[in-house]
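Undergrad: any chance you can model this:
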Amino acid sequence: MAADLRSRARDDLPRWGRREPAWRLLGPPLTAAVHGLFEVRTGGLHHVPRRGPALVVANHIGHLDPLVLAMTLLRDAGRRARFLALAELFDDPVVGWWLRRGGAIPVQRGRGLGPVVAAATDALEHGEVVVIYPEGRLPRGQTPAARPGAGAIALATAAPTLPVGLWGMQAELPGPRVRRPVAVEVGAPRWAHDLGSDDPRAVSTALLGSIRAELLPRARRRCGFPADYPDVDPERVVEATGSTWRTTKLLARRMLGRR
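TA: Model (predicted):
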């Protein structure tokens, strides 16, 4: 059953360049919700092309950072983002609907890089903005290493690669739960010929390293934190769950200051 749902999710993906109703209908209220919940502070958005392809490589810091990043790109750069997402997320009745209608690209565990790179480069060739998290998961008390997917796509496309540092979406951070400052820091574009290696994992590691070394200190300072503030407090980590509803309730409790 799950395999059938994932297959249907792939079949239901919209054609690139199409103006999906989901973006038109849900974009404005979701943008309003993000900017009502957070004080979004940005830097470097002039690097995001108003037209044409771009590969966004961002650090994964919290459950809500895809929503913050997507709505920031939509509102401030006029771009719809196509996120790479684990195929099993397409099985969720709520998240899966949005992923399909929003043009997300499913990532099948254990299938290798070929299908993911092919789908992402196809979207880029049609002028889309594609977003990938090189870690592939949340930190959960440790600093995860980069996986090769981001590097493989960056090496396979002629589109610019934009490193992006995200900060403040961690539910375990101290401070206010509503109108908390969060930051989206976009770095200068890079191209395949100047990534410094032909090895996908090495390229992913270098891109993630530049985000952590250059962009995250700026993002932390934008939010009023020291430049070297740790990404995660291991004693107060929000664990991922298999249930969207449980995750939503957990986030709500943390945003309300309940432990």
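
Undergrad: residue 116 sits in which helix or strand?
TA: In the assignment (DSSP states H and E), residue 116 maps to helix 114-125.

Undergrad: quick one: contacts of whatever helix or strand comes next after that helix?
TA: Going down the chain from helix 114-125, the next helix or strand is strand 129-132, by DSSP H and E. With C-beta atoms under 8 Å, 6 or more residues apart in numbering as the test, strand 129-132 has contacts from 48, 53-58, 66, 69-70, 73, 79-84, 105, 120, 123-124, 149-150, 153. All C-beta atoms are positioned from the backbone trio N, CA, C, and that covers glycine.

Undergrad: if you set the cut-off to 6 Å instead, what comes out?
TA: 54-57, 79, 81-84, 120, 123-124, 150 (C-beta atoms under 6 Å, 6 or more residues apart in numbering).

Undergrad: returning to that earlier point: report the buried residues of the helix holding residue 116.
TA: 116, 117, 119, 120, 121, 123, 124 (16 or more other C-beta atoms under 10 Å).

Undergrad: could the residues you listed go into JSON lines alongside distance to residue 214 and pLDDT?
TA: Shown next, in JSON lines, are those (distance: C-beta to C-beta, whole Å; pLDDT from 0 to 100):
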{"residue": "116", "distance to residue 214": "26", "pLDDT": "91"}
{"residue": "117", "distance to residue 214": "26", "pLDDT": "94"}
{"residue": "119", "distance to residue 214": "29", "pLDDT": "93"}
{"residue": "120", "distance to residue 214": "24", "pLDDT": "95"}
{"residue": "121", "distance to residue 214": "26", "pLDDT": "95"}
{"residue": "123", "distance to residue 214": "27", "pLDDT": "94"}
{"residue": "124", "distance to residue 214": "24", "pLDDT": "96"}
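
Undergrad: show me the two of those residues that sit farthest apart.
TA: Checking these against each other with C-beta to C-beta, the farthest-apart pair comes out as 116 and 124, at 12.4 Å.

Undergrad: and the gap between residue 166 and residue 31?
TA: Counting by C-beta to C-beta, to the nearest Å, the gap between residue 166 and residue 31 amounts to 17 Å.

Undergrad: those two: who's more crowded?
TA: More crowded of residue 166 and residue 31, by other C-beta atoms under 10 Å: residue 166, with 26 against 18.

Undergrad: wait, a helix at the more buried one?
TA: No - counting by DSSP: H, G, I helix; E, B strand; the rest coil, one finds residue 166 to be strand, located in no helix.

Undergrad: from memory it sits against residue 65, does it?
TA: Yes - contact criterion C-beta atoms under 6 Å: residue 166 and residue 65 qualify, at 4.8 Å.

Undergrad: could you point out which element follows the helix or strand hosting residue 69?
TA: Assigned by DSSP H and E, residue 69 belongs to helix 65-77. Next in sequence after helix 65-77, counting helices and strands by DSSP H and E, comes strand 81-86.

Undergrad: what does that following strand contact?
TA: Contact partners of strand 81-86, identified using C-beta under 6 Å, 6+ apart, comprise 66, 70, 73, 99, 103-105, 107, 123, 128-132.

Undergrad: tell me the angle it makes with helix 65-77.
TA: Interaxial angle of strand 81-86 relative to helix 65-77 (axes from the mean of the first three to the mean of the last three C-alpha atoms, to 10 degrees): 170 degrees.

Undergrad: mean confidence score for the next helix or strand after strand 81-86?
TA: Per DSSP H and E, the first helix or strand lying C-terminal to strand 81-86 is helix 95-101. Helix 95-101 comes out with an average pLDDT of 82.
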